[in-house]
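Undergrad: have a look; sequence and predicted model below, questions after that.
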Amino acid sequence: MQEVTHIRNIAIIAHVDHGKTTLVDFMLRQTGTFRANQDMGTRVMDSNDLERERGITILAKNTAVLYKEPTSGELYKINIVDTPGHSDFAGEVERTLKMVDGVLLLVDAAEGPLPGTKFVLKKSLDLNLLPIVVINKIDRKDARAHQVLDEVFELFLSLGAHDQQLDFPTIYSIAKQGIAKKELEDEGKNLEPLFEAIIKYIPPPSGDTRGPFQMLVTTIDYNDYLGRLGIGRVSRGKIQLGSPMKIIHRDGVVEDARVTKIYTFQGLKRIEVDEAGTGEIIAVAGMEDVDIGETIADASDPTPLSFVAIEEPTLSMNFIVNNSPFAGLDGKYVTTRHLGDRLARELRSNVSLRVELTDSPDVFKVSGRGELHLGILIETMRREGYEFQVSRPEVILKRISDVTCEPIEHVIIDVPDEHVGVVIENLGKRKGEMRQMVQSQGNTRLEFLVPARGLIGFRSEFMTQTKGTGIMHHIFHGYEPYKGELSHRTRGALIVMEDGDAVAYGMWKLQERSTFFIEPGMRVYAGMIVGENSREYDMVVNVCKTKQLTNMRASGSDEAVRLEPPRMLTLEQAIEWIGEDEYVEVTPKSMRLRKKYLDHNERNRMSKKKAETIEE
């Protein structure tokens, strides 16, 4: 096999996905990493089940392709880092960009740059990375490639890009067909123009090749046989199998280690090698206690590398040991120790997460970058067999210059013209401030700055009000002075009166004035929430009520019980829906809503106590 003579390290960035997974698929195929007829499945880079289900990138991943330059015949290794596009996973983006020298910015030819595009682009420009702009989906009927290119250029200007970054090359592509072009009018056959641009415009990795070895760990993986693997880019020198190393921890403690395995990336595989040099992205085994942000260096010169600053969390929730009547029926891990150990383990790889102990030993305060960030953690834990409860999310307030400030989100909404009024009205109630309104071909794009707490519960209302036709994107904008009190839920909850099984007859009598979250036959307990009241107050109901049998029957007097289909809430919808005195009970097999205090009399007593406290 011909020896690799050059290396290029790039990250692919986009808002959410925008076809980047498909583009990587074709890059792997067209460089011969996979056979043309080999079945790779769909979304090969999304190895996580949640990523495949939701169509988003959650965890940053590495791959590499070998590209042979047609004219010179030289072999290039292109290391590709697939980064998340959602700001909730900013911790992944901020650290993985440290491994690359340039970025491919994927922008939809119709939608143009969105909030996620702005977020990941700003991070890459701040790190002085050189961009290649790829205008994707140019085959869409509503494509407006040239206009989108102008919008991208304006975005670069607004983010303070320097002259070299502003002089970016542009590639037009149809990722799902594996086609790239230098000009819109060109006939596209393959991704050759894209590879040429990467070789020409992305600089080779820099670093002292003869100095002592040094590498910053930006990702952690785990292997059942080898233990922890530290993944990062070699900043200086060369690493060899069996070499003595030092781990410089973030607290300054230096620890001895020895290299037991070295892997490089090729396609979707890891290739075991005996040594690796400057600029290569590698995985190293033998460092059992290494963590993200720590440096692995040669034993002769243990100098640490600086780690990128991770932005602070904006949202917090309480993770509580499950104490409902159905506790322990589904879950494998149900105790305080299990929950605490799992959250501590998450902290080792999820650098933008914070976990704090509270006054109660059964309650952990978990802070993250947004609802999606925390929602993915909850969903991952329930699939692993954990059973616990979570409270309503609360924004994290800050004092800046003696002023209480709250996180603000930049929201972009695309809706048909007929729904504009109701969306503006809804966001107005949530203290939203409109920044821009643009109409185009029957659709309107609205831009708002909205308090982060105002968006809690907004998405489900938005989808109902726009009949599912609206599209919403949002990103953290910054901190601004506190905007005042917001009303949360305008409707009360249906609370179960007694333990038992839900009966269609009992639910049928209530459905005229409520919407149910459960189906008949489901087991319920006193204090569990089974639906939403049409009025603003909570209502205690008996869904276990059965029809009394008598020996007197008139022909045709029995009515057929017909129930409306229930509104089955997703995890995110449930978290958005609950109030301050309510929990979401999460188990591997089910998800229930409940009141914090299950007993009706205790709820009344606590609400009176709260009212007295407010009056004082």
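TA: Arrived safely.
Undergrad: what sits against the closest residue to residue 200 other than its chain neighbours?
TA: Of all residues not flanking residue 200 in the chain, residue 169 sits nearest, at 7.7 Å (Cβ to Cβ, 6 or more residues apart in numbering). (Each C-beta comes from the backbone N, C-alpha and C, glycine too.) By Cβ atoms under 8 Å, 6 or more residues apart in numbering, the contact set of residue 169 is 132-133, 197, 200-201.
Undergrad: do a quick rundown of the helices in the stretch 151-300 of the chain.
TA: 163-166, 192-201 (DSSP state H, counting those that start in this stretch).
Undergrad: what would those look like in TSV with mean pLDDT, distance to residue 362 and mean neighbour count?
TA: TSV is the format used below for those (pLDDT from 0 to 100; distance: least, Cβ to Cβ, whole Å; neighbours: other Cβ atoms under 10 Å):
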stretch	mean pLDDT	distance to residue 362	mean neighbour count
helix 163-166	90	51	12
helix 192-201	90	52	19
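Undergrad: nearest to residue 607 among those would be which one?
TA: helix 163-166 (57.0 Å; Cβ to Cβ).
Undergrad: if we can go back for a sec, and the contacts of residue 169, which is closest to residue 153?
TA: residue 133 (8.7 Å).
Undergrad: ok but that closest one is inside a helix, no?
TA: No: applying DSSP: H, G, I helix; E, B strand; the rest coil, one finds residue 133 to be strand, outside a helix.
Undergrad: how many other residues sit next to it?
TA: Using other Cβ atoms under 10 Å, residue 133 has 22 other residues around it.
Undergrad: pLDDT score for it?
TA: pLDDT, residue 133: 92.
Undergrad: list the contacts of it.
TA: Per Cβ under 8 Å, 6+ apart, neighbours of residue 133: 105, 107, 149, 152, 168-171.
Undergrad: quickly note the distance from residue 382 to residue 530.
TA: 20 Å (Cβ to Cβ, to the nearest Å).
Undergrad: more neighbours: which of these two?
TA: Neighbours were counted for residue 382 and for residue 530 using other Cβ under 10 Å; residue 530 has more, 23 against 20.
Undergrad: quick one: which helix or strand includes the more buried one?
TA: strand 528-533 (DSSP states H and E).
Undergrad: quick one: residue 493 and residue 583 touch, right?
TA: No: Residue 493 lies out of contact with residue 583 (Cβ atoms under 8 Å); the separation is 11.9 Å.
Undergrad: so where is the stretch 451-600 of the chain shaky, pLDDT-wise?
TA: 549-560 (pLDDT under 70).
Undergrad: whoops, the chain was the one
TA: Residues of the chain that meet the cut-off, pLDDT under 70, sit at 1-5, 15-20, 33-60, 85-92, 116, 308-310, 549-560, 610-616.
Undergrad: rerun that using 50 as the cut-off
TA: Residues of the chain meeting the criterion pLDDT under 50: 1, 42-44, 46, 555-557.
Undergrad: which residues of it fall in helices?
TA: Counting by DSSP state H, the chain has helices at residues 20-30, 49-54, 90-96, 115-126, 145-158, 163-166, 192-201, 336-349, 371-383, 420-429, 458-465, 504-508, 571-577, 600-615.
Undergrad: which strand residues bridge the closest residue to residue 574 other than its chain neighbours?
TA: Excluding the flanking residues, the one nearest residue 574 by Cβ to Cβ, 6+ apart is residue 584, at 4.8 Å. On the basis of DSSP bridges, residue 584 is bridged to residue 390, residue 593.
Undergrad: my read is that residue 584 contacts residue 573, right?
TA: No: in this structure, residue 584 is not within contact of residue 573 by Cβ under 8 Å, at 10.0 Å.
Undergrad: good, we can wrap up now.
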